[in-house]
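Visitor: Task: produce atomic coordinates for the following.
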Amino acid sequence: MSVLLIAGSPSERSRSVGLLEEAGRRLAQRGALVTRLRVRDLSPQALLLADVGNRSISHALDQVAAAQVVVISTPVYKAAYSGVLKVFLDLLPQTGLKGKTVLPLATGGSPNHMLALDYALRPVLQSLGVKHVLPGIYATDAQVQLLPEDGVQVDADVAARLDEAVNTLITDSLLPPPKPFGYFVPVPFAQVRCSV
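Guide: Numbering: from 1, shown residues only. Modelled structure (predicted):
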């Protein structure tokens, strides 16, 4: 299973990136092939000008297209996801997430911004054709502590929710696609028998 971690934070080191890395670590431990995309590392001019021909932008779009699962993390500012993430999502084609499972993550200063995942980010993700958007995980700044040397520590509640989400991602991705109602195995014409 290929997983793309998209960091939508404008900061080099942030709680939302730490939360994303915790999800990625858990997925890698379960055998997922994890790659990373930090929107802040893309060409700022190409992002703002929607220059999909730019090498960094086209590579990022290819990463999204190649992933089976996408985990998106963002800080919440003024009850909405980050502007750099918005600019990047605007560059995706209308079906840029078609057939993919997406896990949204967010961090914010207080629990008051918890619904930003459902009311701001989820509609955008669904408009991009996702197969399934898992329930998002929101953590306050107090629940995600940045440690020295790029370490991060999440509290027990957030860790349990991450474990549950990762388990759902692994389980859903390994299941065969459901067969449509009334599905029959094709029968070669040579085997068709009819009596009159």
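Visitor: what pairs with the residue most central in space within the chain across the strands?
Guide: When Cα atoms, centre = their mean is applied to the chain, the residue found nearest the centroid is residue 71 (2.4 Å). Beta-bridge partners of residue 71, counted by DSSP bridges, are residue 5, residue 103.
Visitor: which residues sit in contact with it?
Guide: Shown in contact with residue 71 (Cβ atoms under 8 Å, 6 or more residues apart in numbering): 3-6, 20, 23-24, 27, 102-105. For the C-beta atoms, the positions are set from N, CA and C on the backbone; glycine is no exception.
Visitor: Out of those residues, flag the one nearest to residue 139.
Guide: Of all the contacts of residue 71, residue 105 has the smallest distance to residue 139: 7.7 Å, by Cβ to Cβ.
Visitor: Am I right that that closest one is in a helix?
Guide: No - Residue 105 is assigned strand when assessed by DSSP: H, G, I helix; E, B strand; the rest coil, not a helix.
Visitor: Could you pull out the helices in the protein for me?
Guide: Secondary structure of the chain (DSSP state H): helices at 15-29, 44-48, 55-66, 83-91, 116, 122-127, 156-174.
Visitor: Please identify the most buried of these.
Guide: Highest mean neighbour count of those: helix 116, a mean of 23 (counted as mean count of other Cβ atoms under 10 Å).
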